[in-house]
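Enquirer: Quick one, fold the following:
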Amino acid sequence: MKKSWKENIISKYRQAIRKNRFLKLPLSVALLFVVFFYNIGAYFYYNKKKFSSMVAILLFAIISSSFAFPGILEEENTAMENESEWAEIQENYDYVPVELGISKDEVLDDEDVIIGYDNEELDVQDEIDQFSLDDILEANELSEGFDSREEQGSLLSADDWQLVLVNKQHPVPDDYTFTLGTITGSMKCDVRIIDELMAMLEAAKKDGIDLMICSPYRDYNRQTVLFNRKIDYYMDKGYSYMEAYRIASITVTVPGASEHQIGLALDIVSNTYTSLDMGFGETDAGLWLKEHGYEYGFILRYPLGKEYITGIQYEPWHYRYVGKEAATAIMKKEITLEEFLEDLE
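Expert: Got it, this is the predicted structure:
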């Protein structure tokens with residue numbers, strides 16, 4: 001009978017060992033490798049149908065998984081793109097006061113703008129109107145038919161009235177309308193936020209914080225006067241018109257791009273600290289607002305370190321109503337309204 005190739009190899013191996021015993025170990029190892037790979041090859045050859053089926057199933061599973069999670073992959077890609085975009089904006093952001101060497105004392109606030117002028121064109125007194133909680137509760141005139149605490153639904157949309165984006169790149173829409181409600185005296189805001197505003201002021205008072213509202217709704221004319229006065233101020237300091245314009249635009253929003261014009265923004269101080277400056281953020285009132293404002297739908301609109309996104313300097317006194325759900329997400333994540341709306345899309 002004719003020997004198989006495996007038997008021939010074993011026979012030659014034995015003959016080689018008889019001739020030279022020193023080759024026993026390396027030949028034994030070589031023989032083991034030959035037999036091992038032969039058995040593996042034979043196993044796959046005689047079971048090729050079964051393994052073909054397994055490979056087909058594996059490929060099908062991989063292809064199916066690529067279609068099963070497109071939404072997750074898309075969200076991850078979008079998040080990475082947004083993060084990259086904000087990082088690029090931050091890297092290229094030109095913070096004017098630093099660049100032009102403007103000292104903190106030269107940064108003019110709204111309160112400073114009014115001082116020393118004939119304010120007939122603003123129709124205001126020499127000092128900014130500031131009303132305590134007791135004044136507001138006594139004079140508050142909430143229009144019937146509006147309740148900001150009505151259920152708005154859990155699904156937020158960028159088209160919701162409380163989320164309207166107003167900044168330098170997104171001016172107040174020409175067709176934007178809302179109903180003004182009286183806070184007290186000549187102070188007004190969007191009537192839909194008054195209930196939550198009152199609730200926030202009362203809660204603060206229970207915690208020993210007497211908040212004061214000093215600048216709610218401002219119409220286009222008032223915003224224009226404030227902005228132009230700031231330009232004049234910096235030009236008197238020796239800056240060119242363009243430099244003065246750029247500086248003014250980070251301390252007061254450009255007319256037509258102010259949240260005060262849509263009645264959803266308020267400047268808030270306290271009875272123990274009435275100045276509109278960065279120091280307010282370190283007061284008990286400033287800290288209380290940052291910690292609890294979102295519970296009533298209000299956010300710190302221009303946070304510290306986010307100037308490259310908002311285009312406005314840190315303003316711990318400026319709060320914007322966005323509704324409780326959005327406010328909670330924004331303040332918990334420590335992001336801006338701009339970032340929140342991008343994530344919402």
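
Enquirer: Toward the C-terminus, what is the element adjacent to whichever strand or helix holds A326?
Expert: Assigned by DSSP states H and E, A326 belongs to helix 324-333. Once the chain leaves helix 324-333, the next helix or strand it forms, by DSSP H and E, is helix 337-344.

Enquirer: Which residues does that next one contact?
Expert: Residues from elsewhere that reach helix 337-344, judged by C-beta atoms under 8 Å, 6 or more residues apart in numbering: 79, 82, 86, 156-158, 163, 165, 167, 299, 301, 309-310, 320, 322, 326, 329-330, 333. Using the backbone N, CA and C atoms, a C-beta is placed for each residue, glycine as well.

Enquirer: Just the buried positions in that helix, please.
Expert: For helix 337-344, a neighbour-count test (16 or more other C-beta atoms under 10 Å) marks 337-342 as buried.

Enquirer: And for stretch 318-330?
Expert: Those would be 318-327, 329-330, for stretch 318-330 by 16+ other C-beta under 10 Å.

Enquirer: With only the CA atoms kept, save stretch 257-277 in PDB.
Expert: Only the C-alpha atoms of stretch 257-277 are listed here, as PDB (Å, rounded to 0.1, in the frame of the first residue of the first chain):
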ATOM      1  CA  ALA A 257     -29.800  93.500  19.600                       C
ATOM      2  CA  SER A 258     -30.800  93.900  23.300                       C
ATOM      3  CA  GLU A 259     -32.700  91.400  25.300                       C
ATOM      4  CA  HIS A 260     -34.100  94.300  27.300                       C
ATOM      5  CA  GLN A 261     -36.100  95.200  24.200                       C
ATOM      6  CA  ILE A 262     -38.100  91.900  24.300                       C
ATOM      7  CA  GLY A 263     -39.000  92.300  27.900                       C
ATOM      8  CA  LEU A 264     -37.300  89.000  29.000                       C
ATOM      9  CA  ALA A 265     -34.200  90.500  30.600                       C
ATOM     10  CA  LEU A 266     -33.800  92.300  33.900                       C
ATOM     11  CA  ASP A 267     -30.900  94.000  35.700                       C
ATOM     12  CA  ILE A 268     -31.100  92.900  39.400                       C
ATOM     13  CA  VAL A 269     -29.200  94.300  42.400                       C
ATOM     14  CA  SER A 270     -29.900  94.400  46.100                       C
ATOM     15  CA  ASN A 271     -30.700  97.000  48.800                       C
ATOM     16  CA  THR A 272     -27.200  96.600  50.200                       C
ATOM     17  CA  TYR A 273     -25.400  96.700  46.800                       C
ATOM     18  CA  THR A 274     -26.900  98.900  44.100                       C
ATOM     19  CA  SER A 275     -24.000  99.200  41.700                       C
ATOM     20  CA  LEU A 276     -24.100  97.500  38.300                       C
ATOM     21  CA  ASP A 277     -20.600  96.100  38.400                       C
END
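
Enquirer: circling back: farthest pair within the buried residues of stretch 318-330?
Expert: H318 and E325 (20.9 Å; C-beta to C-beta).

Enquirer: those helices in the protein, which residues are they?
Expert: Here the chain has its helices, by DSSP state H, at 5-19, 24-46, 48-68, 70-92, 96-99, 110-114, 133-139, 194-206, 220-236, 241-251, 284-292, 307-310, 324-333, 337-344.
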